[in-house]
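Would you be able to build a 3D model of this:
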Amino acid sequence: MINRKIPKLELRRQIFHAALGLAIIILLVLDLIGAWYIFIALLFGGLLAIMSRNYKIPVVCWFLKKFERKLAFKKLPGKGPILYFIGILLALQLFPKDIALASIAILAFGDSASHLVGKYFGTIKHPLSSKRVLEGSLAGLIAGFVGAAFFVAPLEAFVAALAGMIIEVLEIEVNRQLVDDNVTVPLAAGTAMIVLRVLIK
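Predicted coordinates:
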């Protein structure tokens, strides 16, 4: 049975996920920010997250209540956004700007679409994971492709979005700890585009 009722928290989280990515992309395109600004935001956000474990910081506390899952709130408040900025920073540092922007677009739009469609509308089991459904990956592939295609060639955008959605499903573990898809998706997407450019030269 398809569960069509999306909890408000999850809807807010995914809208914020996509909107934040879009805002960062626009600022990067306009050269108003760069990797250094992302790094500073990451440090500042990490400090606020640590402080929020023991102190109720007014604006931060409201934000966390609106967008953070209860389990994550208890362990490390703001963990999702922190990892999101880590993924973006890695993409900016490792890849050319066009590839980095495409990778961020796949993270912002593909990951959000995959989560919402897969979790609340999907029914077909994914061939690569018993925990995921195929509709989610297809939605993420389409949304990621559309976003990435603004910055790279269509073939590169498709391959990158496909790589991002595959790595999201596979759930990579390091030392028995699951690596967050906010980090793996842009890295997989960017790497796929680099490899493709090398192969078709």
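
ranges for the strands of this structure?
Using DSSP state E, the strands found in the chain span residues 125-126, 129-133, 173-174, 177-178.

Show residues contacting the longest helix along the chain.
Longest helix in the chain by number of residues (criterion: DSSP state H): helix 8-29. By CB atoms under 8 Å, 6 or more residues apart in numbering, the residues outside helix 8-29 that reach it are 33-34, 38, 66-67, 69, 80-81, 84, 88, 92, 97, 100-101, 104-105, 107-109, 111-112, 115-116, 119-120. Yep, even glycine has a C-beta here, placed from its N, CA and C like the rest.

With stretch 138-148 instead?
Against stretch 138-148 from outside (CB under 8 Å, 6+ apart): 102-103, 105-106, 108-118, 154, 156-158, 160-162, 164-165, 168, 189.

Tell me how far that stretch lies from the chain's centre.
Its chain's C-alpha centre and that of stretch 138-148 lie 12 Å apart, by CA atoms, centre = their mean, to the nearest Å.

What of stretch 22-39?
Distance, centroid of stretch 22-39 to centroid of chain: 16 Å (CA atoms, centre = their mean).

Can you give me the buried ones in it?
24-25, 28, 33, 38 (16 or more other CB atoms under 10 Å).

Tell me which two in these are the farthest apart.
Based on CB to CB, the longest span within those runs between 25 and 38 and measures 11.9 Å.

thinking again about what came up before, just the buried ones from the contacts of stretch 138-148, in PyMOL syntax?
Provided next is the PyMOL selection string for whichever of these are buried by 16+ other CB under 10 Å:
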select buried, resi 102+103+105+106+108+109+110+111+112+113+114+115+116+117+118+156+157+158+160+161+162+164+165+168+189
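
Of the contacts of stretch 138-148, which belong to helices?
Filtering these for helices - DSSP H - leaves 102-103, 105, 111-118, 154, 156-158, 160-162, 164-165, 168, 189.
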